[in-house]
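[1] From the sequence below, what's the structure:
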Amino acid sequence: MANYVLEILDGDRAGEVLPVADRPLRIGRKPGNDVVLADEKTSGVHAEIVLEGDRHVLRDLGSTNGTFLDGKRVTELVLSPGDVVTVGRLRVKFRNAADEAATVDAGELAVRTLDSSRLQRRSGSVGIIAAVVVLGLGGAGWFWWQGQQAGANNTAGQGPSTRSVLAVAGNKLAAEVAGCETDAGFELRAAGAGFQSGGSAHTGTGALVAQRVEGNDADFAVLRTKDAIQVLTGRSLTLAAHVRTTNGGKAAVRAVLQSANENVPFRFRTGSPLAESAQWQRVEVVVAVPPGCDRLLVEVAAILPSADATVAIDDIAVLEGGNATGIELKLPESGQAAIGTGAALALRSVDADNPAILLHVLPGEVPAPLQGLHKADLCTLSDLGATLACTASERGFHLEATGTDGLQLVLPADAGSALRVAGAEGKFASIAADGEWKARSILVGDRLTRAVVRSDEDLTCKSRTGGGLWRLFVPVTKLDTVLAFRSERQQAAELLRRAAAHDEAGQPGAALDRLVELEQTTPMDSEILGQAMVLRGTLLEGQRQRLRKLQDDLEQATFFTTRGGFERVVSGVDELMQLYGDNLEDKKTPSALRAAAQTQLDAIVGRSHEAQRTRLDLLAKSFRSAQQEGLASLVQKYIDQHLSK
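    Residues are numbered from 1 along each chain as shown. Have a look, this model is predicted:
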């Protein structure tokens, strides 16, 4: 196959010729590109040339000002030798390297001088000497000079490297992945702006570079290996890579530890702190493989605070050994366990079908440059350089983080479906899973995933559901989790027994009192709480039936205007209130019924009294006419005492 090159025809690099190899060649204004064009009309990452079969294809990567061939804008083009393409305002020519004898074969990089005056203006005397060396000594002289320049550039963090790809004995990564020469074996755009293959390398000729992409607002990028490495639980591993950043970029090298069994939900992400490195620097982190994990993915997180920020990664290694201790603490009473490594932690239940009590502990708040990574749920405690300690108590675990201002607890979505919170008084109340609220104790989960999260102070918490997860944000770094509830279970069972006894004795109000006490003080056992809710529902349904019967009685009494009917409603409401006390589900309706019945009853009584008064007034008048004043006085006295208006 012919050797093709790309000749720059315009700008300050006019006359340079670069090889078009079998790996993608990125063209753009930003320094991470393979061909950097200093032109304001050229986009940061403008276009790329890729080999597809035996054809070289040029693709515009969504540039602002476009890519043109013969004055026509193109988005994808199969290149032919001699094609002159305009990128922004600068032209580049695709041609066969053998077209001109003046081209010097320099392996993967060839540079041709069109005229000495242009070279002198661009590079000074060093450039002229280099040209003389190339033309006079041929290929051997070129390789010597280029090697010297590469060494100097590598020290300064610029330019391509000619060092052999770094090979690390015992590296568990495949050589083609470890060397980062191409994108083979990597998920370059795992999240955010993503990485790309190209740029100057630590060793070899390629590295993986992250930079912002036009049309994508992400200010972070995440790269991940495609295939997991098999690891052994309890072993220590050393993860290392070479990193270089520019213009405020930051990078963290992380291990993602998980199980090959897809039904195991735990995934532990931990690594080095996000940091800048103007020169190529070896970054290393030692992690222990947590219980239940047998697979490892390598991940790189990059923060890109500006359009010119870049993060480069090269020469990755995963080695057996190191000094790290994993977390595995188990409660003797209930069997739940805390498992983790580094700054990553999870709480595991004893339910094989629902093993997750707590999936992750993440930062609650992060600095502004990390907000994008944080909102994508990819910011870890290790990114901040934070640590997380876990100690076991008799009934749960104490968590304490340093290096962060708050925590985010990530649980399965079902954990927030029966959310109950309590303040300093210790009375639990149900609240919605999404929102902001104050609490000191937070009850989450169901049955074997039941847990209480506690603090020594009232907290203003936030929570939200999304993506099959429930997230709890707390503004503290010290928390206690309680997972064993033997004493609470016994108390709840006794309260439920007493409530049932009151119900059998015809004391529904007393029964409801015991159930309210259970729900407010000891709702930790889901099964007992469920039974209590069923009994409460039965008692409240009985209350509703009584109320509906009183409503029917009032309607009939009103239709027939019967005194006895209204009296039954009044006495029935009084009995209802006495039976249920403060446990009336609807307090307004009974009071309204009684008032309506009493009004009608008062009207009936009033009419009866009026008729009696009329008759007795006539009788008193008759006695007076018969001059029987004593009898008339007795009748008047009765009217005044019993029939007065």
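
[2] Let me see the ranges of the helices in the stretch 401-550 of the chain.
    486-504, 508-521, 526-560 (DSSP state H, counting those that start in this stretch).

[3] Now the last one: average pLDDT?
    Right, the one you point to is helix 526-560. For helix 526-560, mean pLDDT rounds to 94.

[4] Just name whatever secondary elements the helix or strand that that helix is followed by is in contact with.
    Using DSSP states H and E, the helix or strand that follows helix 526-560 in sequence is helix 563-580. Contacting helix 563-580 under the criterion 3 or more C-beta pairs under 8 Å, 6 or more residues apart in numbering; DSSP states H and E are the following elements: helix 508-521, helix 526-560, helix 588-625. Where you see a C-beta, it was placed from the backbone N, CA and C, and this is true even at glycine.

[5] Ok, which of the helices of the stretch 401-550 of the chain comes nearest residue 33?
    With C-beta to C-beta as the measure, helix 526-560 is the member of the helices of the stretch 401-550 of the chain nearest residue 33 (57.9 Å).

[6] so how far is the closest one off the chain centroid?
    In terms of C-alpha atoms, centre = their mean, to the nearest Å, the centre of helix 526-560 is found 44 Å from the chain centre.

[7] so residue 26 sits right up against residue 44, yeah?
    No - between residue 26 and residue 44 there is no contact under C-beta atoms under 8 Å: 10.2 Å.

[8] of these two, who's got more company?
    Neighbours of residue 26 and residue 44, each counted by other C-beta atoms under 10 Å, are more numerous for residue 26; the result is 24 against 19.

[9] With adjacent residues omitted, what lies nearest to that one?
    residue 33 (4.5 Å; C-beta to C-beta, 6 or more residues apart in numbering).

[10] Would you state the helices of the stretch 51-200 of the chain in chain order?
    116-156, 175-178.

[11] and the ones you listed, which one's lowest on average pLDDT?
    helix 116-156 (a mean of 36).

[12] Reformat the helices and strands packed on helix 563-580 as CSV; add mean neighbour count and distance to residue 178.
    Listed next are these as CSV, based on neighbours: other C-beta atoms under 10 Å; distance: least, C-beta to C-beta, whole Å:
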stretch, mean neighbour count, distance to residue 178
helix 508-521, 21, 58
helix 526-560, 16, 49
helix 588-625, 14, 74
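
[13] Go through those helices and name the closest to residue 306.
    Nearest of the helices and strands packed on helix 563-580 (C-beta to C-beta): helix 526-560, 50.9 Å.

[14] For the closest one, which helices and strands make contact with it?
    Using 3+ C-beta pairs under 8 Å, 6+ apart: helix 526-560 touches helix 486-504, helix 508-521, helix 563-580, helix 588-625.

[15] any idea which residue sits dead centre in this structure?
    residue 377 (3.5 Å; C-alpha atoms, centre = their mean).

[16] Tell me who's in contact with it.
    The contact partners of residue 377, taken as C-beta atoms under 8 Å, 6 or more residues apart in numbering, are 362, 410, 467.

[17] okay, it: pLDDT?
    91.

[18] how close does it sit to residue 445?
    Noted for residue 377: a distance of 20 Å to residue 445, by C-beta to C-beta, to the nearest Å.

[19] Could you do residue 384 as well?
    From residue 384 to residue 445 the distance is 28 Å (C-beta to C-beta).

[20] who has more neighbours, these two?
    Each of residue 384 and residue 445 has its neighbours counted (other C-beta under 10 Å); residue 445 has more, 27 against 21.

[21] Just list the residues touching that one, thanks.
    For residue 445, the contact set (C-beta under 8 Å, 6+ apart) comprises 357, 411, 414-415, 418, 451.

[22] picking that back up, wait, which of the helices and strands packed on helix 526-560 is closest to residue 280?
    helix 486-504 (57.2 Å).

[23] So what's the gap between the closest one and the chain middle?
    Its chain's average C-alpha position is 39 Å from that of helix 486-504, according to C-alpha atoms, centre = their mean.

[24] Which positions within the strand ranked longest in the chain qualify as buried?
    Scanning the chain for the longest strand, with DSSP state E as the assignment, gives strand 451-466. Applying a neighbour-count criterion of 16 or more other C-beta atoms under 10 Å, one finds 451-455, 459, 461-463, 465 buried in strand 451-466.

[25] That one pairs with which strands, and in what direction?
    Its sheet considered, strand 451-466 pairs with strand 435-444 (antiparallel), strand 469-474 (antiparallel), strand 478-482 (antiparallel) by DSSP bridges.

[26] Can I get the ones you listed in TSV including mean pLDDT and distance to residue 171?
    Formatted as TSV, the strands paired with strand 451-466 follow (pLDDT from 0 to 100; distance: least, C-beta to C-beta, whole Å):
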stretch	mean pLDDT	distance to residue 171
strand 435-444	96	42
strand 469-474	96	35
strand 478-482	96	39
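
[27] for those, which one sits closest to residue 75?
    For residue 75, the closest of those is strand 469-474, at 39.1 Å, according to C-beta to C-beta.

[28] What ranges in the stretch 151-300 of the chain fall below the confidence cut-off?
    151-163 (pLDDT under 70).

[29] Pick the one among the buried residues of strand 451-466 closest to residue 188.
    Proximity to residue 188 was ranked across the buried residues of strand 451-466 by C-beta to C-beta; first place goes to residue 465, at 30.9 Å.

[30] What's the separation between that closest one and residue 437?
    Residue 465 is 14 Å from residue 437, by C-beta to C-beta.

[31] Turn the contacts of residue 377 into TSV, including distance to residue 286.
    Listed next are the contacts of residue 377 as TSV, based on distance: C-beta to C-beta, whole Å:
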residue	distance to residue 286
362	21
410	25
467	31
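
[32] Pull out the buried residues from the residues you listed.
    Buried by 16+ other C-beta under 10 Å: 362, 410, out of the contacts of residue 377.

[33] how about stretch 392-408: buried residues?
    Neighbour counts over stretch 392-408 (16+ other C-beta under 10 Å) mark 395-397, 399, 401, 404, 406-408 as buried.

[34] Identify the farthest-apart pair in those.
    Greatest spatial distance in those: 395 and 404, 25.8 Å, computed using C-beta to C-beta.

[35] what stretches of the stretch 501-645 of the chain score poorly on pLDDT?
    645.

[36] Surely residue 311 is in contact with residue 249?
    Yes - with contact defined as C-beta under 8 Å, residue 311 counts as touching residue 249 (4.4 Å).

[37] Quick check: neighbours shared by those two?
    210, 302-304.

[38] for those, which one is nearest residue 266?
    Nearest member of the shared contacts of residue 311 and residue 249 to residue 266, counting by C-beta to C-beta, is residue 302, at 25.4 Å.

[39] Dihedrals phi and psi, residue 320?
    phi -70, psi 140 (degrees, to the nearest 10).

[40] Could you report the neighbour count for it?
    Residue 320 sits with 13 neighbouring residues when counted by other C-beta under 10 Å.

[41] partners of it in the sheet?
    Beta-bridge partners, per DSSP bridges, of residue 320: residue 237.
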